[in-house]
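Structure of the sequence below:
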Amino acid sequence: MRRRMTAPLAGAAAACLLWSVPGAAAARPAYGPSAPGPLYAQVKDRDTRLQLQVLGRPDGRDMLYRISGFVYVDAPGDTLAPALRHGTRLFGFEGYNVRRLYREPGTNRLYQLSREIVFYTDPQDPARVLREWRNPLDGRTYPLVPVNNDDVDFGPFPITPEFRLGPLKDVQRTLAQVSDIPPRTDLKALTGDDFGLPGGIYTAWEMFDFYLGKREAARRAHGVPKGAMEVTSSWTRSSPFIPSMCISDRDVRARLTFHARSWTLDSWDELEPWLKAEVQRDHPLYRKAPEAPARSETSWTSFYRKQLDNGALTWAEWCAKNGR
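A predicted model of the protein is given here:
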């Protein structure tokens, strides 16, 4: 399925496409070996070019999706009432994903590399980060660990002139990219810890809708655009209670529902001061996207690596040790 070009041919094809398009820059840009621009410029299909811009900047620099939303209790039959009622807004959900497009040097393989840091905040004051949470089911208070996933990567995409990601949906004045994903991970097999999940298997739904305006799409349909494309996104996740809440999925008929929206920023510098200060103090790694592909993390595998020290503690032992 992968068709490779030699570096000279890839460069020639990219240059031919780039400089034959109206509005291309007057001076030829200098590309490093991992820069995505020459690969991006090969792609003929407009919708695929735009979807690659949803993933990252064609100029190879970092961009962000600023994430903002809430986390709710979903308890069919209100089974946890009165301690934890169905529909309770537990937390704000505030943070970002920082990402870039990366070309594996000497190949036609394109990756999206990212890290994400999202804080659980006071639902009445989204800029106030919560450090702990009292579990009303057992009366104990636990540290509240933010989403801190390093890496979250996609690819490789084998880029050729005919590469396609599928058509965008035409929705009035916008174009939409829809992605509904049912994650399933056997955490017991992967880590040796079942995290209180039935069979040790994590299952969830993650539902994304990305929207870009048609004027923005027309403006960025040619050449190798600089900066981040203006994209907004809606995201919903249904999943078990996060590990640091210490609620066993086996023992309850309830889950969490995350509902958030996000929007692109050109750089980390465009974030609000409170969010930048929080990251600079405790999570400086998340100021930049990764430099090269690595194994991706989820909230559960990140918790296993960073909180359980790769299995030095079990999830149940962490809860017993940290609850007070």
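
tell me, what residue is most central in this protein?
For the chain, residue 97 is the residue whose C-alpha lies nearest the centre (C-alpha atoms, centre = their mean; 5.3 Å).

That residue contacts residue 62, doesn't it?
No - the criterion here is C-beta atoms under 8 Å, and residue 97 misses it with residue 62 at 10.6 Å. No exception for glycine: its C-beta is placed from N, CA and C like everyone else's.

element containing the nearest residue to residue 36 once chain neighbours are set aside?
Leaving aside its sequence neighbours, residue 36 sits nearest to residue 101 (C-beta to C-beta, 6 or more residues apart in numbering; 3.8 Å). Counting by DSSP states H and E, the element that carries residue 101 is strand 89-103.

chain center to that strand: distance?
With C-alpha atoms, centre = their mean, to the nearest Å as the basis, strand 89-103 stands 6 Å off its chain's centre.

Equivalent analysis for stretch 99-116, please.
Its chain's C-alpha centre and that of stretch 99-116 lie 14 Å apart, by C-alpha atoms, centre = their mean.

Show me what counts as buried in it.
Residues of stretch 99-116 classed as buried by neighbour count (16 or more other C-beta atoms under 10 Å): 99-104, 107-116.

still on that earlier bit, what residues are up against the residue nearest to the centre of the chain?
Taking C-beta atoms under 8 Å, 6 or more residues apart in numbering, we find residue 97 in contact with 64-65, 67, 114-116, 152, 262.

For these, give me a markdown table that also has secondary structure.
Below are the contacts of residue 97 laid out as a markdown table (DSSP: H, G, I helix; E, B strand; the rest coil):
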| residue | secondary structure |
| --- | --- |
| 64 | strand |
| 65 | strand |
| 67 | strand |
| 114 | strand |
| 115 | strand |
| 116 | strand |
| 152 | coil |
| 262 | strand |
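
what about the helices in the stretch 101-250 of the chain?
187-191, 214-219 (DSSP state H, counting those that start in this stretch).

Which among the ones you listed is found nearest to residue 305?
Judged by C-beta to C-beta, the one of these that comes nearest to residue 305 is helix 187-191, at 9.0 Å.

So which elements touch that closest one?
In this structure, helix 187-191 packs against strand 201-203, helix 299-306, with contacts taken as 3 or more C-beta pairs under 8 Å, 6 or more residues apart in numbering; DSSP states H and E.

Look up how far residue 240 lies from the residue nearest to the centre of the chain.
Separation of residue 97 from residue 240 (C-beta to C-beta, to the nearest Å): 21 Å.

Can I get the helices of the stretch 101-250 of the chain in CSV including mean pLDDT?
As requested, the helices of the stretch 101-250 of the chain are exported to CSV (pLDDT from 0 to 100):
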stretch, mean pLDDT
helix 187-191, 97
helix 214-219, 97
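
Quickly compare those helices and say which is most buried.
helix 187-191 (a mean of 16; mean count of other C-beta atoms under 10 Å).

distance between that helix and the chain's centre?
On C-alpha atoms, centre = their mean, the centre of helix 187-191 falls 22 Å from that of its chain.

quick revisit: surely the residue nearest to residue 36 meets residue 153?
No - Residue 101 is not in contact with residue 153 according to C-beta under 8 Å; the separation is 11.0 Å.

so how far is residue 257 from residue 205?
On the measure of C-beta to C-beta, residue 205 and residue 257 end up 9 Å apart.

shared neighbours of the two, which are they?
Joint contacts of residue 205 and residue 257 (C-beta under 8 Å, 6+ apart) are 236-238.

I'd like to know which of those residues are buried.
237-238.

on that earlier part again, which one of the helices and strands packed on helix 187-191 lies nearest to residue 49?
helix 299-306 (31.9 Å).

quick one: low-confidence parts of this structure?
Within the chain, the ranges that satisfy pLDDT under 70 run 1-30.

and with 90 instead?
1-31, 166 (pLDDT under 90).

hang on, the earlier thing: adding distance to residue 298, write the helices of the stretch 101-250 of the chain out as TSV.
Formatted as TSV, the helices of the stretch 101-250 of the chain follow (distance: least, C-beta to C-beta, whole Å):
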stretch	distance to residue 298
helix 187-191	9
helix 214-219	31
